[in-house]
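Q: Need the 3D shape of this:
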Amino acid sequence: MDRLRAFEVFASVVGRGSFTRAADALDTSPANVTRYINELEAHLGTRLLNRSSRKLSLTESGEALYERSKSILEEVADAEALASSATLQPRGRLRINAPVSFGIRYLAPLWPRFMQSYPDVELDIALSDRVVDIVEEGYDLAIRISRTGPVSHAARKLATSANIVCAAPTYLKKHGRPEVPADLAAHRCIGYTYAATADEWRFVDGEGRPHAVRVNCVMHANNGDTVREAALAGQGIIWQPAFLVGSDLQQGRLLPLLPGYRMPDIDVLAVYPSRRHLSAKVRVMVDFLVEAFKAAPAWYVPSAPASPATTPARPVRHRRVK
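A: Residues are numbered from 1 along each chain as shown. Here you go, the predicted model:
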């Protein structure tokens, strides 16, 4: 039995939760996957996986072996990468997932520059606002807009943006201006479908105290520009990242609300499956994006504590986090 291959098969089965999906990932048959697992269990003299018709679960021995197997496989991958690094060149297909609005506004102008610098890399860009499983769906890299960052993947932060509650002057003239977060419950709001807190909007005041309010959303959309257009038409109050509504705020098409209260900032992240065995094409793309966002456009940040009704918008450079 090839023990290294058996460890690889075992780790793939556990990571993907299925013999069939592991076989697809390893370009082999489910029968071969089953054989490797059976031989590994026989060699170790213990059961590693509890199998049922619906799911797989690890035994205590399986849990211990899984953690160790991942470490062994990563060490082997690192050794291979080190041995070939002198001649390794970025090449091949690079699948990238990114949010729709951010991808169109800020990433699309960058791709031609990358293609000119790395002509052997074939870009495959997919835009979607839902959070994809980059391993399960076969992406090499994802750009995510997140408050918390990934739990199980590696990431590099490209930028940070404020989240801003705002509305059009026409809406405020008709419905009035909320003064504190609790006032939002009496207003027409427009919600973002993929918001982590759904229709509960959360703020902190100048002393760091939390404030949460359940809003009444007259519309939901799974895309930020759709939410923005409804607000520009005077249909309600929204919150969106400064990179999306910053120019509207600077030009007065939207007005920032609730001075003295802030929503948590949001990060722009480059997310990829593993930090340890990073392919050349992913590595150069991440480095390229980090460098590109050093010169990102100015994103609106609200002045505080002055009222936005009387204070001009203040454009500043976004905060870059190394």
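Q: Isn't Ile143 up against Ile96?
A: Yes. Contact criterion C-beta atoms under 8 Å: Ile143 and Ile96 qualify, at 7.1 Å. Quick note: C-beta positions are derived from backbone N, CA and C, even for glycine.
Q: elements contacting the helix or strand hosting Ala11?
A: Element membership of Ala11, judged by DSSP states H and E, is helix 3-16. Helix 3-16 sits against helix 19-26, helix 30-44, strand 56-58, helix 60-84, with contacts defined as 3 or more C-beta pairs under 8 Å, 6 or more residues apart in numbering; DSSP states H and E.
Q: got the buried residues for the third one?
A: Across strand 56-58, burial judged by 16 or more other C-beta atoms under 10 Å covers Leu56.
Q: higher neighbour count, Ile143 and Ile96?
A: Comparing Ile143 with Ile96 by other C-beta atoms under 10 Å, the one with more neighbours is Ile96, at 23 against 20.
Q: With Gly236 as the reference, measure out to the more buried one.
A: 33 Å (C-beta to C-beta, to the nearest Å).
Q: so where's this structure uncertain?
A: Applying pLDDT under 70 to the chain flags the ranges 53, 78-88, 148-152, 274-277, 296-298, 300-322.
Q: Domains in it, by residue range?
A: Domain assignment for the chain, taken from automatic domain parsing, gives 3-84, 92-322.
Q: just these: most buried one?
A: Comparing the domains of the chain by mean neighbour count (mean count of other C-beta atoms under 10 Å), domain 92-322 ranks first with a mean of 17.
Q: picking up where we left off before, hmm, who's touching the helix holding Ala11?
A: 19, 22, 25-26, 32-33, 36-37, 39-40, 43, 48-49, 56, 58, 62, 65-66, 69-70, 72-73, 76, 135-136 (C-beta atoms under 8 Å, 6 or more residues apart in numbering).
Q: Work out the gap between that helix and the centre of the chain.
A: 27 Å (C-alpha atoms, centre = their mean, to the nearest Å).
Q: Please apply the same query to stretch 96-108.
A: On C-alpha atoms, centre = their mean, the centre of stretch 96-108 falls 12 Å from that of its chain.
Q: Can you tell me what sits against it?
A: Under the contact criterion C-beta under 8 Å, 6+ apart, stretch 96-108 has outside partners 123-129, 132, 134, 137, 139-145, 223-225, 243-244, 268, 285, 296-297.
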